[in-house]
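Peer 1: This is the structure alone, sequence omitted:
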């Protein structure tokens, strides 16, 4: 059971922006911080922007910042959105399909219910829950000074 | 969010054996039925056997059969076992690790809780729930006649 890199990196980016609220953070800085692909992060930033979680300030000293308060960013919503393109098993919408028993298979609905339970659990957490009062996280992600 | 083929194929194999209870089913028959790789199914059969879900009868007219009643095969247990080698995100046990913030990250426990919610949901279903009284499934998977 594997989440996409889109989910993983989007949550990391949101944490990075959250720790650095009030400042602008470049994609290059996030990529360097986590030692991950800048190209992947560009896609992540685009999607987070489309959903209104972050905004881009253009220009030489531009960068990204949160467009909502951390307590208003619900992890389940972010992950649900980012996992849209990923299918749990091939018979799910968007999958390659072709399983002989798809029409008569009860597993689909059980798996769908389980996936919903996964997302619903994450609906109980916001970005603020990850960051607020997390004094160990701040020095690891702060771009200040 | 993606399950491994191990989970997918193991549940398909269990359904195939369940519909054909009382008979022996070869791996080749299951592979042909679902049009999937025989090699993958051999690995799946090995693991299902190790967990005591199925047993192998050797010999020319040998094959596989369920070693437990369908109502005693809990889907959550099967999937939990098959997903052991798959990591939700890289900081999970067995993952490549290396994320800068792993030690201070609260996301890990939220994701772990969500994954448990997924498995716990599937603990509410047995193989019997997929097969019993499913008159549409039987003709698709029956090897009789």
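Peer 2: Cool, the structure landed. What you see is a predicted model, and the numbers here were worked out from it, not measured in a lab. Numbers count the residues shown, from 1 in each chain, chains lettered A, B, ... in the order given.
Peer 1: ranges for the strands of chain A?
Peer 2: With strands called from DSSP state E, chain A shows them at A:54-57, A:63-66.
Peer 1: Just name the most buried of these.
Peer 2: strand A:63-66 (a mean of 20; mean count of other Cβ atoms under 10 Å in any protein chain shown). For glycine as for every other residue, the C-beta is placed from the backbone atoms N, C-alpha and C.
Peer 1: where does chain A dip in pLDDT?
Peer 2: Residues of chain A that meet the criterion pLDDT under 70 lie in A:145.
Peer 1: got the residue ranges for the helices in it?
Peer 2: Across chain A, reading from the start of the chain, the helices by DSSP state H fall at A:5-19, A:27-34, A:38-50, A:75-82, A:107-122, A:127-131, A:137-141.
Peer 1: Can you say which of the strands of chain A is nearest to residue B:26?
Peer 2: Shortest distance between residue B:26 and these, using Cβ to Cβ, is found for strand A:54-57: 54.3 Å.
Peer 1: what pairs with the closest one, and is each one parallel or antiparallel?
Peer 2: Sheet pairing of strand A:54-57 (DSSP bridges) gives strand A:63-66 (antiparallel).
Peer 1: And for the partner strand, what's in contact with it?
Peer 2: A:13-14, A:17-18, A:21, A:23-27, A:29-30, A:45, A:53-57, A:73, A:127 (Cβ atoms under 8 Å, 6 or more residues apart in numbering or on different chains).
Peer 1: repeat for stretch A:81-95
Peer 2: With contact meaning Cβ under 8 Å, 6+ apart, stretch A:81-95 is reached by A:3-4, A:6-7, A:10, A:47, A:51, A:96-99, A:102, A:105, A:107-108, A:111-112, A:115, B:1-3, B:7-8.
Peer 1: start to end distance for it?
Peer 2: The separation between the terminal residues of stretch A:81-95, taken as Cα to Cα, to the nearest Å, is 16 Å.
Peer 1: Give the buried residues for it.
Peer 2: Residues of stretch A:81-95 classed as buried under the neighbour-count rule (16 or more other Cβ atoms under 10 Å in any protein chain shown) are A:81-83, A:86-92.
Peer 1: Repeat that for stretch A:26-43.
Peer 2: By 16+ other Cβ under 10 Å, the buried positions in stretch A:26-43 come out as A:26-27, A:29-31, A:33-34, A:36, A:41.
Peer 1: Stretch A:123-132 too?
Peer 2: For stretch A:123-132, the buried set under the neighbour-count rule, 16+ other Cβ under 10 Å, comprises A:125-127, A:129-131.
Peer 1: The residue lying closest to residue A:131 once chain neighbours are set aside: neighbour count?
Peer 2: In space, residue A:131 comes closest to residue A:18 once its chain neighbours are excluded; the distance is 4.5 Å by Cβ to Cβ, 6 or more residues apart in numbering or on different chains. Counted with other Cβ atoms under 10 Å in any protein chain shown, residues neighbouring residue A:18 total 21.
Peer 1: Could I have the PyMOL command that selects the buried members from the contacts of stretch A:81-95?
Peer 2: Command for PyMOL that selects the buried part of the contacts of stretch A:81-95, burial taken from 16+ other Cβ under 10 Å:
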select buried, (chain A and resi 3+4+6+7+10+47+51+99+102+105+107+108+111+115) or (chain B and resi 1+2+3+7+8)
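Peer 1: could you measure residue A:74 against residue A:137, distance?
Peer 2: Noted for residue A:74: a distance of 19 Å to residue A:137, by Cβ to Cβ, to the nearest Å.
Peer 1: neighbour-wise, which of those two wins?
Peer 2: Neighbour totals were compared for residue A:74 and residue A:137, and residue A:137 leads with 21 against 17 (other Cβ under 10 Å).
Peer 1: if I pick the closest residue to the more buried one other than its chain neighbours, what's in contact with it?
Peer 2: Once flanking residues are discounted, residue A:137 sits nearest to residue B:104: 4.3 Å by Cβ to Cβ, 6+ apart. By Cβ under 8 Å, 6+ apart, the residues touching residue B:104 are A:134, A:136-137, A:140.
Peer 1: correct me, but residue A:76 touches residue A:127?
Peer 2: No: between residue A:76 and residue A:127 there is no contact, the gap being 11.5 Å when judged by Cβ atoms under 8 Å.
Peer 1: and the closest residue to residue A:126 other than its chain neighbours, how far is that from chain B?
Peer 2: Leaving out its chain neighbours, the residue that sits closest to residue A:126 by Cβ to Cβ, 6+ apart is residue A:71, at 5.1 Å. The gap separating residue A:71 from chain B is 14 Å, by Cβ to the nearest Cβ, to the nearest Å.
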